[in-house]
Each structure stands twice: as structure tokens, then as C-alpha cells.
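Student: Got a sequence here, can you build the structure:
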Amino acid sequence: MQCQIDNSRSQISPSVSLAQALNRVLGWSIRLTAFCLLVADGLGSMRAADGDPFTLQDRPSLTGRWDLQVRDGDAVYPSWLEVEQSGYRTLVGSYVGQFGSARPIGEIKLDRKTGVFRFVVPPQWEHRTNPIVFEGRIEGDVLRGDTTNDQGGTIHWDGRRAPTLERGQSPRWGQPIELFNGRDLTGWKARHTEVPHGWQVREGLLVNVTPGNDLMTERRFHDFKLHVEFRYPEKSNSGIYLRGRYEVQIEDNFGFAVDSHYIGGVYGFLTPRVNAAKHPGEWQTLDITLVGRIITVVLNGEPIIERQAIPGITGGALDSDEGEPGPLLVQGDHGQVEFRKLTLVPGD
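Tutor: Next up is the predicted model:
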């Protein structure tokens, strides 16, 4: 861009002194030069934003956390996605599928003009060896897209922004509820009605005699305090899903280094600060407080997770409707486990 000074505007009136005339011409020149510099700087910034890879770009509306729902024929299952901007413009993230734990997304490709995006994650517990490709479009506060199932067929998914679950005040705690009465399965039901379950009550204990199906409460809850007394045999594996969405792991990990996938961890997300597990065959306790997304976990009297936020649903969740109440679900498709006490104090 070129700027020129119009000399016709600098004609000097006979009644104006030479000094005044020089000041006036100088003032016009300075103002015009400043204007030209501002315009040139603006155009330069536009060119930098368009082509300079080292110019920081604004975060796109795709960033944030999303609760997904995947439709595979007649089956519907929940998933979860988080997108973050890393550095100047690169988008990275994390994904939770139907099973397993959160897996990282190395890069999410986004056309910032059209809102079309694409990312690839490696297989985890899926029955496939090829990468899983997700393609979608952002439409306001809704995501829509496609991927493929294990058989290579195209399946569709959509997503909504995950709620913050922030609470304006601390809950008022109600009266304790004994979820297990020590006699029968009143108040409980199998997760999959078409699959047999091996849950029985023996000598006052709730026992997963034959693993194969999860068990969940008929009642649904928002915020609560939960006290659990349990034991398991060697190498067993189970878990408790809070609101049916966030798994706190129960597994024989005595003596292991801490890991989010091991006992007391929020599966794949939150790692205990210490491993407070006892030997298999011993009675153990879990005390869990969940308010919104904020969780505290105490294992065998030792605080291991203290007031941390759960980012999103864990693999195997019932649904991705994070703003809604949900049941307490005990995982029963992995290993044997016994419970002698399950007490919940609801908050409102």
C-alpha cells in the first residue's frame, strides 16, 4: 500500500505566518503518516494470521468437552471427547470409547472456515487392528459425524457440550440409605436383562458368584457420600460406577505402583496418590464423596484422591447424560467380589 500527501491542501494563506504554516503542514503529514502505518499494520496482521504458522490463533469453538452418543445399528452407546488447543494452532485431545479408558489424540485436523474436523485414535479393546477414524462437523453447540465399527461398517455419532456440573453451594446431606439389605436383591437389577447374572446373597453378603453381568440400583442419585465394604479373591477385578458413568476401580493390585487403572483410581483419569490396598481375601473399605464432578476417595482410611474433578465418563458407562442423576452400578462381568455393606447418603 502506498500513501501520498496531497500538496493542494497545504496552500498557505497570506494572513498565516510562516511558522504557523509549517506547523499546520507538519501536523497534516504526521496524522496522515500515522494513519498509513495503522492501515499497513492491520493488513500485515491479517496476512500473518492467514499464512504465518507462528501467529497465535483464537481457540475454535470445537475446544472443550463433549458428551457423545454413538449409534451402531440398533445399539446405542456413550463416548466422550475433549479438544484442547496446544501452542499456536494445533488441536489435541482425549477420547473415551465404548470400553476401556481415555486415550490421547495426537492431532485433530480442523477446517476453521467450514467447521469440518477429523482425528484418528489407535485401537484399544476393540476387536480390530486398524486405526479408528472420526470425521465430523461442528454446528454451534452440536457435533455430528461418522466413524466405522469393528466390521468396517459406517456408524453415526453426535455430541453435546458436557455440563460443568458446578454447584453453587455445598449439598445438604440427607439420611443414610442402606442400598444392600443383607437378605436379598431388593432395590437392585441386572444391567443387561438378556444376559444371566450370577449375583446372589449368601450369609448376609452380596456375592458375584458367576461373573457375567453388572448389577445396579433401581434408584438414581445426583450428589452423595458412599461407604462400601468389600473383598475379593486373588487377581480379581471389579469396579463401582458412580451415577453409572464414572468407574472407581476395585482390583487386586496390592503392592503395585499407583495408576489410574488400579484400585481406587477413577479409571483412566485420576490416579491415587498412594496405593492403600490390602491383600486379597481381606475386608477393605471405600469412602467416596461425589459433588458435581468433584470427587474424594478414601481407601482403607487413607485419602488417595482429594477434591479432584472427573473430566468425563469412563469406558463402560451406562450413558453420557452427565447432567442427569444415575444409579450406583457394580461391575460384575470381570471377576468375583463380595460386599457386606453399601451405604449411601444423598445430597440435595
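Student: okay, and for the stretch 51-200 of the chain, where does confidence drop off?
Tutor: Across the stretch 51-200 of the chain, the ranges flagged by pLDDT under 70 are 51.
Student: again with the stretch 201-348 of the chain
Tutor: In the stretch 201-348 of the chain (pLDDT under 70), no residue qualifies.
Student: where exactly do the strands run in it?
Tutor: 205-210, 215-217, 223-231, 237-242, 246-251, 284-291, 294-299, 302-309, 329-330, 338-347 (DSSP state E, counting those that start in this stretch).
Student: Nearest to Val274 among those would be which one?
Tutor: strand 302-309 (5.9 Å; C-beta to C-beta). C-beta coordinates here come from the backbone N, C-alpha and C atoms, glycine included.
Student: For that closest one, which helices and strands make contact with it?
Tutor: Packing contacts for strand 302-309, counted by 3 or more C-beta pairs under 8 Å, 6 or more residues apart in numbering; DSSP states H and E, involve strand 294-299.
Student: Just checking: what are the partner strands of the strand it packs on?
Tutor: Sheet pairing of strand 294-299 (DSSP bridges) gives strand 284-291 (antiparallel), strand 302-309 (antiparallel).
Student: For Trp125, give me its contacts.
Tutor: Gly97, Phe99, Gly100, Gly315 (C-beta atoms under 8 Å, 6 or more residues apart in numbering).
Student: what does Phe254 give?
Tutor: Counting by C-beta under 8 Å, 6+ apart, the residues that Phe254 touches are Asn275, Ala277, Lys278, His279, Pro280.
Student: what does Trp157 give?
Tutor: The contact partners of Trp157, taken as C-beta under 8 Å, 6+ apart, are Leu68, Gln69, Val70, Arg71, Ser79, Phe134, Gly136, Leu143, Arg144, Gly145, Asp146, Thr147.
Student: how does it look with 10 Å?
Tutor: Trp157 makes contacts with 68-72, 76-79, 81, 134, 136, 143-147, as judged by C-beta atoms under 10 Å, 6 or more residues apart in numbering.
Student: Pretty sure it sits in a strand.
Tutor: Yes - according to DSSP: H, G, I helix; E, B strand; the rest coil, Trp157 belongs to a strand.
Student: Across the sheet, point out what pairs with it.
Tutor: Val70, Gly145.
Student: and what of Gln85?
Tutor: Under the criterion used (DSSP bridges), Gln85 bridges to Leu91.
Student: again with the one 10 residues further on
Tutor: In this structure, Tyr95 bridges to Leu81, Arg103 when assessed by DSSP bridges.
Student: That one: neighbouring residues, count only.
Tutor: When neighbours are defined as other C-beta atoms under 10 Å, Tyr95 has 22 of them.
Student: quick one: it and Pro104, what's the gap?
Tutor: Using C-beta to C-beta, to the nearest Å, Tyr95 is found at 8 Å from Pro104.
Student: tell me, what's touching those two both at once?
Tutor: In contact with both Tyr95 and Pro104: Glu82, Val121, using C-beta under 10 Å, 6+ apart.
Student: So for the most centrally placed residue in the chain, what's the nearest residue that isn't a sequence neighbour?
Tutor: Residue closest to the mean C-alpha point of the chain, counted by C-alpha atoms, centre = their mean, is Gly312 at 3.0 Å. Computed as C-beta to C-beta, 6 or more residues apart in numbering, the closest residue to Gly312 that is not its neighbour in sequence is Trp80, at 4.1 Å.
Student: in stretch 133-152, what counts as buried?
Tutor: Phe134, Gly136, Ile138, Leu143, Gly145, Thr147, Asn149 (16 or more other C-beta atoms under 10 Å).
Student: whoops, I mixed them up, stretch 334-347
Tutor: 334-342, 344-347.
Student: Stretch 296-316 now?
Tutor: Residues of stretch 296-316 classed as buried: 296-300, 304-305, 310-316 (neighbour count, 16+ other C-beta under 10 Å).
Student: Same question for stretch 253-272.
Tutor: 253, 258, 260-272.
Student: hey, where'd the helices end up in this protein?
Tutor: 18-51 (DSSP state H).
Student: the domain parsing of it - what is it?
Tutor: 7-51, 64-161, 177-347 (automatic domain parsing).
Student: chain center to stretch 100-109, what's the gap?
Tutor: 11 Å (C-alpha atoms, centre = their mean, to the nearest Å).
Student: From one end of it to the other, what's the distance?
Tutor: For stretch 100-109, the first-to-last residue distance is 24 Å (C-alpha to C-alpha, to the nearest Å).
Student: Equivalent analysis for stretch 206-225, please.
Tutor: Stretch 206-225: ends 20 Å apart by C-alpha to C-alpha.
Student: And that stretch, how far out from the chain middle?
Tutor: Distance, centroid of stretch 206-225 to centroid of chain: 23 Å (C-alpha atoms, centre = their mean).
Student: Nearest to Gln57, out of the strands paired with strand 294-299?
Tutor: strand 302-309 (26.9 Å).
Student: Tabulate the CA atom coordinates of stretch 291-306 in PDB.
Tutor: These are the backbone C-alpha positions of stretch 291-306, laid out as PDB (Å, rounded to 0.1, in the frame of the first residue of the first chain):
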ATOM      1  CA  VAL A 291     -20.400 -33.400  44.300                       C
ATOM      2  CA  GLY A 292     -20.800 -32.400  40.700                       C
ATOM      3  CA  ARG A 293     -17.600 -33.500  39.200                       C
ATOM      4  CA  ILE A 294     -15.600 -33.200  42.400                       C
ATOM      5  CA  ILE A 295     -14.600 -36.500  43.900                       C
ATOM      6  CA  THR A 296     -12.800 -37.500  47.100                       C
ATOM      7  CA  VAL A 297     -11.800 -41.200  47.600                       C
ATOM      8  CA  VAL A 298     -10.600 -42.700  50.800                       C
ATOM      9  CA  LEU A 299      -9.300 -46.300  50.600                       C
ATOM     10  CA  ASN A 300      -9.000 -48.200  53.900                       C
ATOM     11  CA  GLY A 301      -8.900 -45.000  55.800                       C
ATOM     12  CA  GLU A 302      -6.200 -43.400  53.600                       C
ATOM     13  CA  PRO A 303      -7.200 -40.300  51.400                       C
ATOM     14  CA  ILE A 304      -6.000 -41.200  48.000                       C
ATOM     15  CA  ILE A 305      -7.900 -38.700  45.700                       C
ATOM     16  CA  GLU A 306      -8.800 -35.400  47.300                       C
END
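Student: Good, we can wrap up now.
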